[in-house]
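Asker: Could you work out the structure for the sequence below:
(chains A and B)
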Amino acid sequence: MSSMYLSQLRKWILESPPIEWGLNQLRELLIGALRQGPIPQHVAFVMDGNRRFARTHKIETVEGHNLGFEALARILEICYKSGVKTVTVYAFSIENFKRSKYEVDALMEMAKAKLSQLTQHGDLLDRYGARVRILGQRELVKPDVLEAIDNAVELTKNNVDTVLNICFPYTSRDEITSAIRSTVEDYSRPLATQARPFSQTRITQKIRSRNINALHSNSPRRNSSPEPPSTSDIDDSASSSTTLHPESPPIDSREGEVYPDPETITVDTVTDHLYTVGDPPLDLLVRTSGVKRLSDFMLWQCHEDTEIVFLDCLWPEFDLRHFLPVLVEWQWKQKHIEEKAGNGFKGSKTKVR
Amino acid sequence: MPPATRELDIYRRDAKANHKLLTPAEREKLIAPYLPTPPTSKRSKEGNIRLEEPSSHSRLGLRRFLRTQLHALIYALLHTIFSVYIRLRQAYHAVKDRILAILYYHHRTPELIQKDVKGLSRLPQHLSVILKLEDGGRGGAGLEALVNEVAEIAAWCACVGIPVLSVYEQTGILKGYVPATHRAVTRKLSSYFGPDHPALSLRAPHIPSMESASKTSSSESSGSPLQHLSVLLLSAEDGRDSLVDLTKTLTEMSQRSKISSNDISIDLVDAEITESVMGEPDLLVLFGPTVELSGYPPWQLRLTEIFHVQDNQGVGYQVFLRALYNYANAQMRFGR
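Answerer: Numbers count the residues shown, from 1 in each chain, chains lettered A, B, ... in the order given. The predicted structure is shown next:
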């Protein structure tokens, strides 16, 4: 009973204007302070825990997802205010289609509603300068949702300050596979042979005719005896045919098509064919709700020196107070890396201690 | 602490009615006080701003300067507090790890290790670990320590009954010492199990495996629940590079019209990668202080449980054990 009164009192105090104003100021202050240090350029979130939150708070699953969306808005504000350039969120996995039809439909409806709402406020979006991109398999989305997506993408495509990547029906393996596929397609396209004013066949013909001419003109002068010229003639013709022959079959089989060399494919080539092309490398990946798994998200992107953080809180409660320690620790580590790079000796010493 | 409770309430009511309650204009008014100051001025109306500025320049500049100073101060304060906190945390974890290491020590006795994991509901069938080569440049000390760590972990796996162990080490130095590593692991196994230890096969992708027959004739009598342990050595070139190599091969095939690009599916890639490198591990244990994959094969990590102990340094039996405990309690949710 008393705890209920206490929570009521707490709520009332928190909602009172001066306290609210103070808390907002504190938020701004902390975010402003964060800006003073290094800031991850690309942050990814796995928004996990909406359903568990709904279950523990005895509300409907869809309500949980709605609260999750609010949390996303909160986090985006923090990220962009503190200077993060790209935010990638895992909104919907291809595996999620296995969930109940009711929930999938509700999620799709929600995505549509939020996106179309977004498009109603185009000028406000411009203020944030955020560009919305949808990463994933478009074929799996229903046409009406797709339309909302395309509208939002179209509306924000000229913004350059920040990027919001929404992984909609996405899995990382699907992304890698399609990157491989499009790389293969790119490299299987014959190179455009520039139209030069010289024809190869004409040149070969010219050489051949000149050789023949040379033979004819040479043979009488070189020898008068009948036997050697005949052999030399055969030899010459054989050699001329062998020199001309190896050139001609490839031309025939290629039919004039030249492919780029597959050996020139590098890690960067594949990276450039991913959905996240053009984004800075992933610096930080946060997964809420205590599950310590990547669940097919950003596998390719986060495999180098991305810091992966698993938090125990559920996504709808995720706020600055959870995110701040993560960011501060990241900054702290960044400073240490710099120190180590600057003077490796001292760095290793502090590390030992 | 949700700011703007009143507006939030209105927003939620609106959301419940599927955003039909408010008109776009009303909504804009609702969020107006929480919007950032329009930065568009700096981009599109650069000239205008310059014209306006002189009148209020000094005051604005001073205010901005003061605010920056305040932020810098808060930043310094935040990091001072944080570095104190992290030192305390590291000390706490170090003490805790020490105590756990004393409480749970294997004493090179398979029976003890088996007793430690007896209550677990499930065990990983494929365990993966990430190891670091310390002081790579200075003689063989780092290499020797690394081989020893591999041997220890392999012995623990044999005791617990994990049939497949893959060891990731970024530089791939171990791949050059397969016979020596094999010898070291065999020696370690026999120091745990005595003369009749489980058979060991050690291999690396694209390097033929080194087998050793189990020395026991009646394997039932051996102390290990496992008859055969296979250890796989991985390095950075088995990660992204293997996928790139696959892309090259597929490109060549496609250029010769042996396959069409539509044949490239997740299943195909998965089969190839599994064949040439390895399958998905069930559990990945990091012995470093934070979760950093440092080039670990990306394709295989899809549903792998990742375990690390905060602020931990170095390989320890208690970390291994805690990873197994954690794995047994975790609930597997496959997209559901």
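
Asker: Please report how far residue B:170 lies from residue B:293.
Answerer: Distance check for residue B:170 against residue B:293: by CB to CB, to the nearest Å, it reads 10 Å. Every residue, glycine included, has its C-beta placed from N, CA and C.

Asker: out of these two, which sits in the more crowded spot?
Answerer: residue B:293 (23 against 19; other CB atoms under 10 Å in any protein chain shown).

Asker: Could you check which helix or strand contains the nearest residue to residue A:64 once chain neighbours are set aside?
Answerer: Excluding its sequence neighbours, the residue lying closest to residue A:64 (CB to CB, 6 or more residues apart in numbering or on different chains) is residue A:54, at 2.9 Å. Using DSSP states H and E, residue A:54 maps to helix A:50-56.

Asker: List the buried residues for that helix?
Answerer: Using 16 or more other CB atoms under 10 Å in any protein chain shown as the test for burial, helix A:50-56 gives A:50-54.

Asker: Then stretch A:54-74?
Answerer: A:54, A:61-69, A:71-72, A:74.

Asker: tell me the secondary structure for the residue nearest to the spatial centre of chain A?
Answerer: In chain A, the residue lying closest to the centroid (CA atoms, centre = their mean) is residue A:276, at 1.5 Å. Counting by DSSP: H, G, I helix; E, B strand; the rest coil, the backbone at residue A:276 sits in coil.

Asker: Is it in contact with residue A:135, as I believe?
Answerer: Yes. Assessed by CB atoms under 8 Å, residue A:276 is found in contact with residue A:135 at 6.8 Å.

Asker: Mind listing the shared neighbours of those two?
Answerer: Shared contacts of residue A:276 and residue A:135, defined by CB atoms under 8 Å, 6 or more residues apart in numbering or on different chains, comprise A:88, A:165.

Asker: thinking the residue nearest to residue A:64 is in contact with residue A:63, fair?
Answerer: Yes. Under the criterion of CB under 8 Å, residue A:54 makes contact with residue A:63 at 6.0 Å.

Asker: For whichever residue of the stretch 1-150 of chain A sits closest to chain B, give its distance to residue A:173.
Answerer: Nearest residue of the stretch 1-150 of chain A to chain B (CB to the nearest CB) works out as residue A:95 at 2.7 Å. Residue A:95 sits at a distance of 10 Å from residue A:173 (criterion: CB to CB).

Asker: Need the overlap of contacts for these two.
Answerer: residue A:296.

Asker: OK, contacts around the residue of the stretch 101-250 of chain B found nearest chain A?
Answerer: Using CB to the nearest CB, residue B:248 is the residue of the stretch 101-250 of chain B that sits closest to chain A, at 4.5 Å. Applying CB under 8 Å, 6+ apart, one finds that residue B:248 lies in contact with A:262-263, A:265.

Asker: Residue B:155 too?
Answerer: Counting by CB under 8 Å, 6+ apart, residue B:155 has contacts B:108, B:185, B:188-189, B:191-192.

Asker: So which of the residues you listed sit within strands?
Answerer: Among the contacts of residue B:155, no residue falls in strands (DSSP state E).

Asker: Dump the residues you listed into a markdown table; add pLDDT, distance to residue B:134 and neighbour count as well.
Answerer: Converted to a markdown table, the contacts of residue B:155 look like this (pLDDT from 0 to 100; distance: CB to CB, whole Å; neighbours: other CB atoms under 10 Å in any protein chain shown):
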| residue | pLDDT | distance to residue B:134 | neighbour count |
| --- | --- | --- | --- |
| B:108 | 85 | 23 | 14 |
| B:185 | 93 | 20 | 27 |
| B:188 | 92 | 19 | 23 |
| B:189 | 91 | 24 | 24 |
| B:191 | 91 | 23 | 12 |
| B:192 | 90 | 24 | 23 |
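
Asker: Could you find which two of those residues are furthest from each other?
Answerer: Maximum pairwise distance among those (CB to CB): 14.1 Å, between B:108 and B:185.

Asker: so where's chain B shaky on pLDDT?
Answerer: B:1-6, B:15-24, B:27-59, B:135-139, B:213-225, B:330-336 (pLDDT under 70).

Asker: Helices of that one, start to end?
Answerer: Ranges of helices in chain B, per DSSP state H, are B:5-16, B:24-31, B:40-43, B:46-103, B:110-116, B:141-160, B:178-193, B:240-255, B:266-276, B:317-329.

Asker: Tabulate those (TSV), appending distance to residue A:131.
Answerer: Converted to TSV, these look like this (distance: least, CB to CB, whole Å):
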stretch	distance to residue A:131
helix B:5-16	24
helix B:24-31	20
helix B:40-43	14
helix B:46-103	21
helix B:110-116	53
helix B:141-160	46
helix B:178-193	50
helix B:240-255	27
helix B:266-276	29
helix B:317-329	39
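
Asker: Residue A:167: which of those helices is closest?
Answerer: Comparing these by CB to CB, helix B:266-276 comes nearest, at 16.3 Å.
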